[in-house]
Each structure stands twice: as C-alpha cells, then as structure tokens.
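Engineer: From the sequence below, what's the structure:
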Amino acid sequence: MDRRRVITTGLALAAGAVGAPMLNLGRVLLAATGPEVSTRAIDLVGSSTVVDMLGLMTLDWPKLSRWYRRPDTFQTADFRSLEATGVDIYHAAVETDHPDPDKGARWWLNMWRAFVASQPCFLSRVDDVSDLIRLPMAGKIGLLLGFQNSTHFKTVADVGQYRQLGQRISQLTYNDRNRIGSGCLVADHGLTGFGVEIIAEMNRTGMVVDISHCGDRTSLETLLTSQNPVLITHANPRALVPGQPRNKPDEIIRRMAGTGGVMGISLVRDFVGRGSPSIDDVLDHFDYVARLVGVEHVGLGTDVSSDALHLASARARRPYDIRGLEPQARIFQIAEGLLGRGWRGRDVTLVLGGNFLRALADVWADEPWKPLPDPRALDRDPFCPAPLPPRPPVPSSGTTE
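Structural biologist: Numbering: from 1, shown residues only. Below is the predicted model:
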C-alpha cells in the first residue's frame, strides 16, 4: 500500500467511512461528508515531510493525561488517526503554568520522554537533523520538544542543561512579562540584559529561538540580537487582522525573514479573521507572507489538533471553528487551496515542511542541507505491528515539479 492509500484510508477510517471513494477528475473524498481534494494535493503531502511547528496530538487534555499515566492506552488506532493528518513532525509545545517553572518544565519533559519511549513503533523524539530525515522514512511520527515560555531558564547555564534533557526550541515569552522580555498582552519594555545573554547561549548551544507570543519591541530586539534564524512558529500577519496583538506587523515579518527564519500560519479563529473566518481567509495569510517576504519564509504552525471540533464543550471548540476547514484534513485542504490559487507544487512543498526543515538544520548543524539517504537502506523493527512502507524522500528546495 503506497502512502496515498495509507493517508486516504486512514482519513476515511477516522471519519467512520471505510474505503474512501476515488472520485472523477483525479479527486479524493477524504471522509464520508468531505472534504474533497485533488490527488495532486494528496501526492504533494505524501511526498513531503510535513512539519507542523505548533502541532498538537490532541486538545483533549484528559486523553493526553491518560496517555501519559497509562501509555498502553495509546493504541494503533490513535497513531493511525495522527498519521492520517499527513503531519510527520509535531512541535507540541506547551506553557507549563506551574508555580515553579523549573519543576513544571522538567515534569513535562519527563512525561514526554517516558511516553515516547513507550511507543517505539510509532513515535520518536526529534533531537537533530538526522531525525528530521530518518523518522518519516521509518514510518514514525517525530515529536520536537519545546516550551511556549522560557521562565524555566533561571540562569544562562540552564539553556544547555535543558537541551541535554531534550528541549530543542524555546519561545522567549508567553503573553506576559518575564525576566527575558515582554509578551504581546502587556506593556512591552523590550528585551532585558538577561534576555540578551539567554539568546546568545541559545545560539551557542543550538536551541531554536521562537518569538510567537512576544510583544513587538521584544520581537524586534530579539531579531536584531540573534545570530541564528529566529522562528515565529505560530502567528499570522497583523495586516489582515488589524489590532490583533498575537499577530505580527510587517516590519517584524520582514526582519524575521532576514534572519533566515520561517513564520508558521496559525488556524486559531481569532488570528485568522474577524466574525466567521473561512478557509479562504486562512489561505490569504499564506499568500500575504509569501508576497511580503517570499515563499521560503512561510510554513505551518496550525495550533490545532485533529480532534479540535470534537471536544466536549462548544466553548472549547469555538477557537478552531473555521468555515470549510476540517482539522483532521487541514494539511490537505491547505495544499489544495494553495494549488487552486496558482501556487507551484514546489512552493507548496516548501510550505508543508521544507522551509522549517531548512531553518532547523541551519540552527542545529554547521553544514548545509544534504540530500536524503536512500530509504531502502533503513532497517525496520520486526517486532512492530503492521509496519507501513517507508515514506518517500522529501524533494530538495531546488526540485521542480
């Protein structure tokens, strides 16, 4: 079974429609009631390493807690549901919300490490560039460990210590102020002296800098300070949603691109548009960033899980309710929508993951991006149930359609 069949069958099973029908004109119905996308969009997703730089395995916190406490409750069906989204690498960052940030961060890292270690057939931690290459080919989902706040960095030395514990990316602030700088929902006094030292140490140790929730002044000063690419993992251009503090003004987007960074477009409703935004509004954000700074600096940071519209309360579902968008199929719908707006397949592949792969490699390795190894050279674990075929290699940034 090739990956297109794996993906379409998985989506159909997740929706309760076994055997998703192939439609005329090269189109596929991904679930019993849609959405429908082209086989070209399916092929692009299937031949890419898809990176969601704020991708959540679930927004059902009791379920996540259960997975942590009893890893055996994470079943093959849970993996297939995640795989069916098309996402290969999840950056499942959290804000620890613990009275002692150090204890909270260590607890989260320990939980993630134990959970991933309990699922060797399905999941693996992303620690370096080779993992970004190897894991999707091996049929596993990669988890990139990070935090949406850096309050656990009490000293400069903590950066290296947390990197040893598995953290690879850190958002400098959440919405409030901390010892490093200011978030987007408070008066912004900019980067502190301690913040400058932290960024220098993050650069030195290969910890990725993220400014998604930072205020404008703190963001700009970080972009002027960092020697490595700076990421905006999940935010949108403010020009399309005026007055939204979580979104970024053009100047910050331009300077982010100037560092070699990438901006992940979020699918959170209030960041996409006012009133009742649609998938067309989502696509407008991709178009806007690509026109402003180039397609090489825009990617996915959806801040959504596949079960976002199946949460228990309407209040919990509301932030993810975008007209015409099905969270389980979001990657395919974005690929389809960009193709429908005239984007080249090569550029869609960059958005799906190529841009973030390049930026991560720039931070983590001194050598340039290299061609991927032959997937036939990878060994498979004979004890894993129902192994999937190796995934195709990612086209390089120089590949044409």
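Engineer: Only C-alpha atoms from now on, for both contacts and neighbour counts.
Structural biologist: OK.
Engineer: Now Leu44: which helix or strand?
Structural biologist: For Leu44, the element it lies in under DSSP states H and E is helix 39-46.
Engineer: Could you point out the helix or strand that follows that helix?
Structural biologist: strand 51-52.
Engineer: What is that following strand packed up against?
Structural biologist: strand 89-91, strand 298-300 (3 or more Cα pairs under 8 Å, 6 or more residues apart in numbering; DSSP states H and E).
Engineer: Now do the following helix or strand past the first one: distance to the chain's middle.
Structural biologist: Pointing back at strand 89-91 there. For strand 89-91, the following helix or strand on the C-terminal side (DSSP H and E) is helix 101-117. How far helix 101-117 lies from its chain's middle: 19 Å, per Cα atoms, centre = their mean, to the nearest Å.
Engineer: now for helix 101-117, which elements pack on it?
Structural biologist: By 3+ Cα pairs under 8 Å, 6+ apart, helix 101-117 packs against helix 61-69, strand 123-125.
Engineer: most neighbours per residue, which of these?
Structural biologist: Highest mean neighbour count of those: strand 123-125, a mean of 21 (counted as mean count of other Cα atoms under 10 Å).
Engineer: who does it pair up with?
Structural biologist: Its sheet considered, strand 123-125 pairs with strand 141-144 (parallel) by DSSP bridges.
Engineer: now the closest residue to Gln333 other than its chain neighbours: how far from His189?
Structural biologist: In space, and not counting its chain neighbours, Gln333 is closest to Val37: 6.7 Å by Cα to Cα, 6 or more residues apart in numbering. For Val37, the distance to His189 equals 46 Å [Cα to Cα, to the nearest Å].
Engineer: just Gly353 next, same as before
Structural biologist: Using Cα to Cα, Gly353 is found at 34 Å from His189.
Engineer: The two: who's more crowded?
Structural biologist: Using other Cα atoms under 10 Å as the criterion, Gly353 and His189 rank with Gly353 on top: 24 against 14.
Engineer: and the gap between that one and Gly299?
Structural biologist: In terms of Cα to Cα, Gly353 sits 7 Å off from Gly299.
Engineer: Low-confidence regions, this protein specifically.
Structural biologist: Within the chain, the segments meeting pLDDT under 70 span 1-25, 31-34, 366-383, 385-401.
Engineer: got the contact list for the closest residue to Ala114 other than its chain neighbours?
Structural biologist: Nearest in space to Ala114, with sequence neighbours left out and distances taken as Cα to Cα, 6+ apart, is Tyr68 at 7.8 Å. If you count contacts by Cα atoms under 8 Å, 6 or more residues apart in numbering, Tyr68 has them with 111-112, 114-115.
Engineer: Can you select the buried ones from those residues in ChimeraX?
Structural biologist: To isolate the buried members of these in ChimeraX, using 16 or more other Cα atoms under 10 Å:
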select :111,112,115
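Engineer: Closest one of the contacts of Tyr68 to Val159?
Structural biologist: Trp112 (18.4 Å; Cα to Cα).
Engineer: Now do the same contact list for that closest one.
Structural biologist: Counting by Cα under 8 Å, 6+ apart, Trp112 has contacts Tyr68.
Engineer: separation between it and Val129?
Structural biologist: In terms of Cα to Cα, Trp112 sits 20 Å off from Val129.
Engineer: now do Val295
Structural biologist: Here Val295 is placed at a distance of 22 Å from Val129 (Cα to Cα).
Engineer: Contacts only, for the residue nearest to Gln333.
Structural biologist: 27-30, 332-333, 336.
Engineer: so which strand or helix has it?
Structural biologist: Going by DSSP H and E, Val37 is part of strand 36-38.
Engineer: Sheet partners, orientation included, of that strand?
Structural biologist: Paired neighbours of strand 36-38 in the sheet (DSSP bridges): strand 27-29 (antiparallel).
Engineer: Return the set of buried residues in the partner strand.
Structural biologist: Neighbour counts over strand 27-29 (16+ other Cα under 10 Å) mark 27-29 as buried.
Engineer: Could you do stretch 249-267 as well?
Structural biologist: Those would be 249-250, 252-267, for stretch 249-267 by 16+ other Cα under 10 Å.
Engineer: Would you mind measuring the gap between the ends of that stretch?
Structural biologist: OK, stretch 249-267 end separation, Cα to Cα: 18 Å.
Engineer: And for stretch 115-132?
Structural biologist: End-to-end distance (Cα to Cα), stretch 115-132: 19 Å.
Engineer: Would you report the backbone torsion angles of Leu132?
Structural biologist: Phi and psi for Leu132, reported as degrees, to the nearest 10, are phi -60, psi -30.
Engineer: Can you report how many residues neighbour the residue lying closest to it once chain neighbours are set aside?
Structural biologist: Distances taken as Cα to Cα, 6+ apart place Val126 nearest to Leu132, at 6.6 Å, with adjacent residues excluded. Val126 has 23 neighbours, counted by other Cα under 10 Å.
Engineer: on that earlier part again, state the distance from the residue nearest to Gln333 to Gln328.
Structural biologist: Applying Cα to Cα, the value for Val37 to Gln328 is 13 Å.
Engineer: same check, this time on Thr58
Structural biologist: Taking Cα to Cα as the measure, Thr58 falls 11 Å from Gln328.
Engineer: Could you do Leu135 as well?
Structural biologist: Distance from Leu135 to Gln328, by Cα to Cα: 21 Å.
Engineer: more neighbours, these two?
Structural biologist: Comparing Leu135 with Gln328 by other Cα under 10 Å, the one with more neighbours is Gln328, at 26 against 23.
Engineer: quick one: contacts for that one?
Structural biologist: Gln328 touches 11, 84-85, 305-307, counting by Cα under 8 Å, 6+ apart.
Engineer: Cool, thanks, signing off.
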